[in-house]
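**Q** Give me a 3D structure for the following:
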Amino acid sequence: MSDRADRVTRIVLTVIGAILLAIGVAGILANTGLYASGFGRRTLLQNPAAIWIGTHSAWFWPVAAAVAVAVALLAIAWLALVISPAPKTRDVSIDGSARTSLRASALRDALTSEIQSYRGVDSARVRVVGDPQDPRLGVKVNLTDDARVAEVRERVEREALAHAREALDAPRMPVVLDLAVSTRSGPRVE
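**A** Okay, the predicted model is just below:
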């Protein structure tokens, strides 16, 4: 998920949380008798809001439907923003500035080749995303069914990812490592 999607998600969830908190507090206060005496003992349809909606139902329900459609469209746009992949980076800065850069495809190909050479790895795919001065890596490794997962993970982290961080002079570069077992089996010795 991109930084922009993270920000939008935090804002949306904060607004929804604040609205639900206000509704809950209003319900508690209504039951204590703060609004009017006997308000807490009324049935759901014996309140001014229900009466008002009933008298204005000719235009209220079409407006409520339009608002619901707008909320649904906003939810779909938010979901599309959250699940859309981060934009790929073409060049990656080595020293944190634009002076020295490396082609992202060269970094991707080198990491992919190194990881695929490890025992127990069926295939690997690397993505370089984010800002050129602050890149992030997405690494997906498919393991053979006889691979030792912990050993492969440790080797990828200790060797391949360490090499990438060292090459970019970015010791804290974020990496998402996804390990999966392939349906194909590795070579067997009989």
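
**Q** Does the strand or helix carrying residue 66 pack against any helices or strands, and if so which?
**A** Counting by DSSP states H and E, the secondary-structure element that holds residue 66 is helix 57-83. Contact partners of helix 57-83 among helices and strands, from 3 or more CB pairs under 8 Å, 6 or more residues apart in numbering; DSSP states H and E: helix 3-31. Using the backbone N, CA and C atoms, a C-beta is placed for each residue, glycine as well.

**Q** Work out the gap between the helix holding residue 66 and the centre of the chain.
**A** Using CA atoms, centre = their mean, to the nearest Å, the mean C-alpha position of helix 57-83 is found 22 Å from that of the whole chain.

**Q** cool, stretch 151-168 as well?
**A** Per CA atoms, centre = their mean, the centroid offset for stretch 151-168 relative to its chain is 24 Å.

**Q** cool, and stretch 5-16?
**A** Relative to the mean C-alpha coordinate of its chain, stretch 5-16 is positioned 12 Å out (CA atoms, centre = their mean).

**Q** do the same with stretch 173-186
**A** Averaged C-alpha coordinates place stretch 173-186 at 19 Å from its chain's average position (CA atoms, centre = their mean).

**Q** Please give me every residue in contact with residue 124.
**A** The neighbours of residue 124, taking CB atoms under 8 Å, 6 or more residues apart in numbering as the test, are 111-112, 115-116, 139-142.

**Q** Tell me where the chain is predicted with low confidence.
**A** Low-confidence regions of the chain, defined here as pLDDT under 70, cover residues 1-4, 35-42, 44-45, 85-91, 93-101, 183-190.

**Q** Let me see the domain layout of it.
**A** By the assignment in automatic domain parsing, the chain contains the domains 3-83, 91-181.

**Q** which of those domains is buried the deepest?
**A** Across these, averaging neighbours per residue (mean count of other CB atoms under 10 Å) puts domain 91-181 on top, at a mean of 16.

**Q** Could you verify that residue 129 is part of a helix?
**A** No - counting by DSSP: H, G, I helix; E, B strand; the rest coil, residue 129 falls outside a helix, being strand.

**Q** Run through the neighbouring helices and strands of the helix or strand harbouring residue 150.
**A** With secondary structure defined by DSSP H and E, residue 150 is part of helix 149-155. Counting contacts by 3+ CB pairs under 8 Å, 6+ apart, helix 149-155 packs against strand 134-143, strand 175-181.
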